[in-house]
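Predicted model, plus sequence, below.
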Amino acid sequence: MDTIENFIAGIPKAELHLHIEGTFEPELMFEIARRNNLRLKYDSIEDLKLAYNFNNLQEFLDIYYSGADVLLEEQDFYDLTWAYLQKIHSQNVIHTEIFFDPQTHTLRGVPFSKVITGIHRALNDGRTKLGISSKLILSILRHLSEESAFQTIGDALEYKSWITAIGLDSSEKGHPPSKFRRVFEKVLEEGFLTVAHAGEEGPPEYVWEAINLLHVSRIDHGNRSLEDQALVDELAMRKMPLTVCPLSNLKLKVVKDMTKHPLTEMLDKGLMATVNSDDPAYFGGYVNENYLAVANALNLSKEQIVQLAKNSFTASFLDEVEKQAMIEKVEMFSNR
């Protein structure tokens with residue numbers, strides 16, 4: 001009989017909340033730094049790993065942006081993305097929708113073209129060599145200005161066919177979705193889908209703004225939505241997916257203890273919750289480790305794990321035929 005660990009390892013899954021810069025493992029970071037003749041402020045891989053101890057989102061972001069500084073060339077972005085794809089291939093993730101943060105790089109003088117071309121080339125290889133389908137989501141950094149966001153969208157239009165959606169991430173507190181209402185109006189006019197980080201550290205009002213002002217198709221995180229019953233009802237009625245990241249929530253002190261994680265409450269209230277890894281190199285686990293952490297802490301049943309896997313495809317930006325084909329893979333696995 002399958003253990004929960006083996007069941008999670010084997011079940012086909014999609015990942016919908018993943019920052020490619022957040023997959024930057026220390027070993028690869030040191031390798032690329034050497035290649036680019038750059039010196040990290042940490043003396044060793046072990047010292048860098050010790051720094052991965054955060055009290056909040058901002059402390060994490062400070063290290064996250066520092067690590068990204070060594071990414072300079074198209075090949076760097078390819079290698080970063082390819083390493084992630086190889087990792088999830090071993091975890092039976094068959095579809096991924098990844099965020100990238102171009103402003104993190106363009107503000108350092110790295111051309112937008114190098115960033116997106118390296119990532120895109122790796123995603124194509126992931127499709128042909130590993131059988132992993134993918135979508136690319138450009139995320140706007142909310143702590144920067146509206147002007148910077150408009151500039152980034154302008155850069156992106158040349159690569160429109162490579163980008164499925166536009167998102168909103170980075171420091172949530174003090175940077176409500178309404179700050180970027182005009183940017184997202186432009187994005188929607190251009191035919192992109194929209195998503196936004198909301199309700200992680202920010203209040204339920206930010207989730208309302210993401211829905212009503214940015215017209216999002218998904219809410220990234222959304223934990224604090226549970227504080228507002230009217231919002232819970234709205235999310236359930238809309239079948240609005242929430243891309244939940246359990247280990248991230250624990251590491252950034254969004255939850256104090258995994259046994260207090262709201263995932264089962266979300267499912268019980270009819271919300272379309274999904275399990276994702278967010279920034280796995282920094283938070284101690286990829287998709288399977290996130291499933292396993294909540295399965296153990298919340299005593300999830302196999303039926304609940306199957307539901308979460310199905311949700312990951314239902315909530316994706318695949319077309320209906322593709323979604324159904326992947327959901328059938330989940331059913332075949334769970335019925336074997």
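On my side now, so go ahead.

okay, now Gln58: neighbour count?
Gln58 has 15 neighbouring residues, counting by other C-beta atoms under 10 Å. Where C-beta positions appear, they are placed from N, C-alpha and C, glycine not excepted.

Beyond the helix or strand it falls within, next helix or strand please.
If you go by DSSP states H and E, Gln58 is part of helix 57-68. Proceeding N to C from helix 57-68, the next assigned helix or strand is helix 74-89, under DSSP H and E.

How about that following helix, which residues are buried there?
74-85, 87-88 (16 or more other C-beta atoms under 10 Å).

And it, what does it pack against?
Packing partners of helix 74-89 (3 or more C-beta pairs under 8 Å, 6 or more residues apart in numbering; DSSP states H and E): helix 26-35, strand 93-100, helix 112-125.

Just say which of the ones you listed is most tucked in.
Highest mean neighbour count among those (mean count of other C-beta atoms under 10 Å): strand 93-100, with a mean of 24.

Quick check: which helices or strands does that one pack against?
strand 13-19, helix 74-89, helix 112-125, strand 133-141, strand 165-169, helix 320-335.

For Leu247, which of those is the nearest?
Smallest distance to Leu247 across the helices and strands packed on strand 93-100 (C-beta to C-beta): 11.7 Å, for strand 13-19.

can you give me how far the closest one is from the chain middle?
Strand 13-19 has its C-alpha centroid displaced from the chain centroid by 5 Å (C-alpha atoms, centre = their mean, to the nearest Å).

Just the angle for it relative to helix 320-335, thanks.
Counting by axes from the mean of the first three to the mean of the last three C-alpha atoms, to 10 degrees, strand 13-19 lies at 120 degrees to helix 320-335.

wait, which of the buried residues of helix 74-89 is closest to Glu234?
Ile88 (32.0 Å).

Pipe the buried residues of helix 74-89 into CSV and attach pLDDT per row.
Below are those laid out as CSV (pLDDT from 0 to 100):
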residue, pLDDT
Glu74, 98
Gln75, 98
Asp76, 98
Phe77, 98
Tyr78, 98
Asp79, 98
Leu80, 98
Thr81, 98
Trp82, 98
Ala83, 98
Tyr84, 98
Leu85, 98
Lys87, 98
Ile88, 98
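
could you dump those to a markdown table with distance to Asn56?
A markdown table is the format used below for the buried residues of helix 74-89 (distance: C-beta to C-beta, whole Å):
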| residue | distance to Asn56 |
| --- | --- |
| Glu74 | 33 |
| Gln75 | 34 |
| Asp76 | 28 |
| Phe77 | 28 |
| Tyr78 | 32 |
| Asp79 | 30 |
| Leu80 | 25 |
| Thr81 | 28 |
| Trp82 | 31 |
| Ala83 | 27 |
| Tyr84 | 25 |
| Leu85 | 30 |
| Lys87 | 27 |
| Ile88 | 27 |
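
Now flag whichever of those residues is closest to Val287.
Of all those, Ile88 has the smallest distance to Val287: 6.5 Å, by C-beta to C-beta.

In PDB, list the C-alpha atoms belonging to the helix holding Gln58.
Extracted C-alpha coordinates of helix 57-68, given in PDB (Å, rounded to 0.1, in the frame of the first residue of the first chain):
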ATOM      1  CA  LEU A  57       8.600  39.000   3.600                       C
ATOM      2  CA  GLN A  58      11.000  42.000   3.400                       C
ATOM      3  CA  GLU A  59      13.900  40.200   5.000                       C
ATOM      4  CA  PHE A  60      13.500  37.400   2.500                       C
ATOM      5  CA  LEU A  61      13.200  39.900  -0.400                       C
ATOM      6  CA  ASP A  62      16.500  41.500   0.600                       C
ATOM      7  CA  ILE A  63      18.400  38.300   0.100                       C
ATOM      8  CA  TYR A  64      16.400  37.300  -2.900                       C
ATOM      9  CA  TYR A  65      17.300  40.400  -4.800                       C
ATOM     10  CA  SER A  66      20.900  40.200  -3.700                       C
ATOM     11  CA  GLY A  67      21.100  36.600  -5.200                       C
ATOM     12  CA  ALA A  68      19.600  37.700  -8.500                       C
END
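
Just name whatever secondary elements that helix is in contact with.
Helix 57-68 is packed against helix 102-106, helix 280-283, with contacts defined by 3+ C-beta pairs under 8 Å, 6+ apart.
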